[in-house]
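Asker: Provided below are the primary sequence and the corresponding predicted coordinates.
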Amino acid sequence: MPLVTVKELLKAAEDGNYAVGAFNCNNMEIIQAIVQAAEEENSPVIVQASQGAIKYAGLEYITALTKLAAEQTKVPVALHLDHGTSFEQVVKCIRHGFTSVMIDGSAYPLSENIGLTNKVIEVARAIGVSVEAELGKIGGTEDDITVDEKEAAFTDPQEAREFVDATGVDALAVAIGTAHGIYKGEPRLDFERLKKITSLIDIPIVLHGSSGVPDEAIKQAISLGVRKVNIDTNLREAFVKKTRQVLEEKPREIDPRKILGPARDAMKEVIREKIRLFGSSGKA
Ligand code: G3H
Ligand code: ZN
């Protein structure tokens, strides 16, 4: 089926009390792993590309590959820009057929974040593209964006309300203790803060930096209103682990398909597990 918007996927997730997985892609194998896993789980899914992924693979390739994968499956697939930081980048993605964009103005003061988000919303709304914004600063590194541990800042619930009232954004990424990349220790999520946020705002909440967060914590976050869960690092780990394993077992292997095929299958398994954890299995 044609690509759908994140907004409609999250509306259904809200009604059904589950979350939709948003998985980062960089190449054909990852896109195939994401969509095939969703198909096998009969689940909606979000394929997302960061600015770094777009720089690597090319906007046209990412869009064409994801559109094709979506058209060849019966499960709903959305194509989302992850951590877009420039208005120009957002517009380019919309022009190429992304059905959802994130404008990450979290590095700016509140008023500037609101201004930038509203600028994006004005363009996106005109053509039915959904918009995610971020408030608070999520630590760690996601491609070309790094937030130092000392600079990471949890989302203030009152500010979240102000932000949503001032923008009418479709989904909000919040900082409640997760971080991008590999965790040094076990992450501790601030569920009280999350509860407060969801009591004050009425739009879907997005959890970033979800790789490495214990399953129980993910489940609790979903029970408290998280509707989109972002996963990147876990896919990278599965890809690299399997690639290494194949090459250790067959050091003379020179057929890329015999390396990338098993890596794709390994990522697919991780994605299927996540989909089951998020409760979206069978919800397509
Ligand atoms: O925006 C992408 C995510 O927040 C991914 O975070 O790499 O920690 O899974 P992760
Ligand atoms: Zn993120």
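Answerer: In hand now; what should we look at? Residues are numbered from 1 along each chain as shown. Ligands and ions are numbered 1, 2, ... in the order given.
Asker: can you list the weak-confidence ranges in the stretch 51-200 of the chain?
Answerer: When residues are selected by pLDDT under 70, those of the stretch 51-200 of the chain lie in 150-151.
Asker: Residue of it nearest ligand 2, please.
Answerer: Here the stretch 51-200 of the chain gets closest to ligand 2 at one residue, Glu142, 4.7 Å apart by CB to the ion. Every C-beta, even on glycine, is put in place using the N, C-alpha and C of the backbone.
Asker: So that residue sits against Asp82, correct?
Answerer: Yes - between Glu142 and Asp82 a contact is recorded at 7.5 Å, counting by CB atoms under 8 Å.
Asker: So those two - more neighbours on which side?
Answerer: The residue with more neighbours, out of Glu142 and Asp82, is Asp82; 29 against 23, by other CB atoms under 10 Å.
Asker: Provide a list of residues in contact with that one.
Answerer: By CB atoms under 8 Å, 6 or more residues apart in numbering, the contact list for Asp82 reads Ala22, Asn24, Gln48, Ala49, Ser50, Ala53, Met102, Glu142, Asn230.
Asker: Give me the subset of the residues you listed lying in strands.
Answerer: Ala22, Asn24, Gln48, Ala49, Ser50, Met102, Glu142, Asn230 (DSSP state E).
Asker: now those: which count as buried?
Answerer: For the ones in strands among the contacts of Asp82, a burial check counting by 16 or more other CB atoms under 10 Å picks out Ala22, Asn24, Gln48, Ala49, Ser50, Met102, Glu142, Asn230.
Asker: overlap in contacts of Glu142 and Asp82?
Answerer: With CB under 8 Å, 6+ apart, Glu142 and Asp82 have common neighbours Ser50.
Asker: give me the subset of the buried ones among the ones in strands among the contacts of Asp82 touching ligand 1.
Answerer: Asn24, Glu142, Asn230 (CB under 6 Å from any ligand atom).
Asker: closest to ligand 1 among the residues you listed?
Answerer: Distances from ligand 1 to those, taken as CB to the nearest ligand atom, are shortest for Asn230 (3.4 Å).
Asker: For the stretch 1-150 of the chain, which segments count as strands?
Answerer: 20-24, 45-50, 77-84, 100-103, 130-135, 139-142, 145-147 (DSSP state E, counting those that start in this stretch).
Asker: Which neighbours in the sheet does the first one have, and how are they oriented?
Answerer: The pairing partners recorded for strand 20-24 under DSSP bridges are strand 45-50 (parallel), strand 226-231 (parallel).
Asker: returning to what we had before: as TSV, the strands of the stretch 1-150 of the chain with distance to Asp255 would be great.
Answerer: Shown next, in TSV, are these (distance: least, CB to CB, whole Å):
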stretch	distance to Asp255
strand 20-24	26
strand 45-50	27
strand 77-84	29
strand 100-103	36
strand 130-135	40
strand 139-142	32
strand 145-147	36
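Asker: Can you say which of those strands is nearest to Leu207?
Answerer: strand 20-24 (9.5 Å; CB to CB).
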